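Visitor: Below is the sequence, then the predicted model.
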Amino acid sequence: MPGFPPLIDQHCHGVLRSGPDRAAFETYLTEANVPPPPASPPSASPPSGVPRATALSPAPGASGPPFSYFDTQLGFALRRWCAPVLDLEPRCPPGVYLERRAELGTAEVTRRMLRASGISTFLVDTGLPGRLLTPGELAETAGAEAHEIVRLERLAERAADTARDTHAFLAELSDGVRESVRAARGFKSVVAYRIGLDFDPGPPGTSEIYSAAERWLTSRVPGGRLSDPVLLRHLLWSAVRTGLPLQLHTGFGDPDLRLDRCDPLLLTDFIRATAPYGTPLVLLHCYPYHRGAGYLAAVFPHVYADFGLSLSHTGARARDVLAELLELAPFGKLLFSTGAYGLPELYVVGAELFREAMTDLTRVWTERGEWSHEDARRVTAILANGTAARLYGL
């Protein structure tokens, strides 16, 4: 939108280097966990460990059209905002869109989408597996900046893959955290997926950490994920002690998590325990617990809230979700992100939905005389890039 400030995408992932093919495209429009179509080539399927869904056909004998993830708020938003980037009419049929996408090819579609997003800086969680563009490649393709956010669990899993013994593992893990402080802009944890957010809030002791590491390394199969609660807490506290922002997944995601254990309010004791350090804790996504996240951001100075996937997946209802976040949280505690992964279209959708929602809300509030035009412009810039630039030292 003309005059809208540039965006800092404070939480996103990489983009696929190739594909997906038409059959697998819809798998990136949902968090549902349904195997991709057998006919899809490996390069077009979601990376291992990141289950996605695919369009479902009716059961034998059932009537009606096939089930499609284009028929969601996200699917509708994608057709609205991304079709013109490919020289198509807004809201064109999915088949027309996918045909044009295949005609242009992955590289051209990615270039167009990233540059159309209006995002000037990407903060990239590099913890997902698969053939994804690196932060540097993302920046070059977009004509923008990109910086790494280190996923703590992957740091531990890589150390476990190479460590000779427990001492070596813990030393390598400690070195990895220190190196990340020099190279990255922050940390990210998916503890919500691994054990939920209702974990013991305090830091584990040295002997407790050693015993847990020994137990995990002994029982772990090669490539196994970290789900030991003691080691997960050790990682969180290691990150907190660095002072770099720590992003925490909260709220909805794929079925690998238990949503009732991902309410950010469950972090209250951990938030209290970490307060003396002043390390920024950034609550990601939050939906459907975004009002609770707004409360935490309101009452704890070091807590911030991000609305990433919340806006993309609510589509035409995005302005209502954003309005609810703006009810209680100080405006300087909220950050824009897309949470995009795989499809470059998701950067465009996240950015456009935020711009439209923020523009519509501030227009209504200024017309009613509740906000001044100057305040509307100032707060918009704070959410779009101001707070992220301050938190991450950009």
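Guide: Okay, I see it.
Visitor: which residues of this structure fall in strands?
Guide: 7-12, 119-125, 145-151, 186-189, 246-250, 281-285, 303-306, 334-335 (DSSP state E).
Visitor: who touches Leu152 in this structure?
Guide: If a contact means CB atoms under 8 Å, 6 or more residues apart in numbering, then Leu152 has Phe187, Lys188, Ser189, Leu235, Leu236, Ser238, Ala239 as its contacts. For the C-beta atoms, the positions are set from N, CA and C on the backbone; glycine is no exception.
Visitor: Count the residues that sit near the residue lying closest to the first one once chain neighbours are set aside.
Guide: Nearest in space to Phe187, with sequence neighbours left out and distances taken as CB to CB, 6 or more residues apart in numbering, is Ala239 at 4.1 Å. Other residues within reach of Ala239, judged by other CB atoms under 10 Å, total 27.
Visitor: check contacts around Ala239.
Guide: Leu152, Val177, Phe187, Ser189, Leu246, Thr279.
Visitor: my guess is the fourth one contacts Pro245, does it?
Guide: No: taking contact to mean CB atoms under 8 Å, the distance of 11.5 Å between Ser189 and Pro245 leaves them out of contact.
Visitor: Tell me which of the two has more neighbours.
Guide: Higher neighbour count among Ser189 and Pro245: Pro245, with 24 against 20, using other CB under 10 Å.
Visitor: Model confidence at that one, what's the number?
Guide: Looking at Pro245, its pLDDT stands at 98.
Visitor: isn't it right up against Tyr392?
Guide: Yes: under the criterion of CB under 8 Å, Pro245 lies in contact with Tyr392, with a separation of 6.3 Å.
Visitor: For Tyr341, see how far away Gly292 is.
Guide: As for Gly292, its distance to Tyr341 is 25 Å (criterion: CB to CB, to the nearest Å).
Visitor: Could you report the pLDDT at the most centrally placed residue in the chain?
Guide: For the chain, the residue lying nearest the average C-alpha position, counting by CA atoms, centre = their mean, turns out to be Gly339 (3.1 Å). As predicted, Gly339 sits at a pLDDT of 97.
Visitor: so it makes contact with Gly350?
Guide: Yes: counting by CB under 8 Å, Gly339 sits close enough to Gly350 to count as a contact (6.8 Å).
Visitor: Need the residues touching each of those two.
Guide: Contact with both Gly339 and Gly350 is made by residues Gly308, Ser312, according to CB under 8 Å, 6+ apart.
Visitor: Poorly predicted segments of this protein, please.
Guide: 1-2, 34-65 (pLDDT under 70).
Visitor: if you set the cut-off to 50 instead, what comes out?
Guide: Low-confidence regions of the chain, defined by pLDDT under 50, span residues 39-59.
Visitor: what's the longest helix in it?
Guide: Scanning the chain for the helix with the most residues, using DSSP state H, yields helix 345-367.
Visitor: Buried by neighbour count: which residues of that one qualify?
Guide: Within helix 345-367, the residues that qualify as buried are 345-359, 361-362, 365-366, counting by 16 or more other CB atoms under 10 Å.
Visitor: Based on its surroundings, how many neighbours for Gly369?
Guide: Using other CB under 10 Å, Gly369 has 7 neighbouring residues.
Visitor: With Tyr392 instead?
Guide: Applying other CB under 10 Å, we find 21 residues neighbouring Tyr392.
Visitor: Likewise for Trp237?
Guide: By the measure other CB under 10 Å, the count of residues near Trp237 is 20.
Visitor: Quick check: phi and psi on the closest residue to it other than its chain neighbours?
Guide: Beyond its immediate neighbours in the sequence, the residue positioned closest to Trp237 (CB to CB, 6+ apart) is Pro203, lying 4.1 Å away. Main-chain dihedrals, Pro203, degrees, to the nearest 10: phi -70, psi 140.
Visitor: show me the contacts for Pro203.
Guide: The neighbours of Pro203, taking CB under 8 Å, 6+ apart as the test, are Arg233, His234, Trp237.
Visitor: neighbours of the residue nearest to the second one when sequence neighbours are not counted, just the number please.
Guide: If I follow you right, that is His234. Of all residues beyond its chain neighbours, the one nearest His234 is Ile209 (5.0 Å), with distances taken as CB to CB, 6+ apart. Applying the criterion other CB under 10 Å, we find 21 residues in the vicinity of Ile209.
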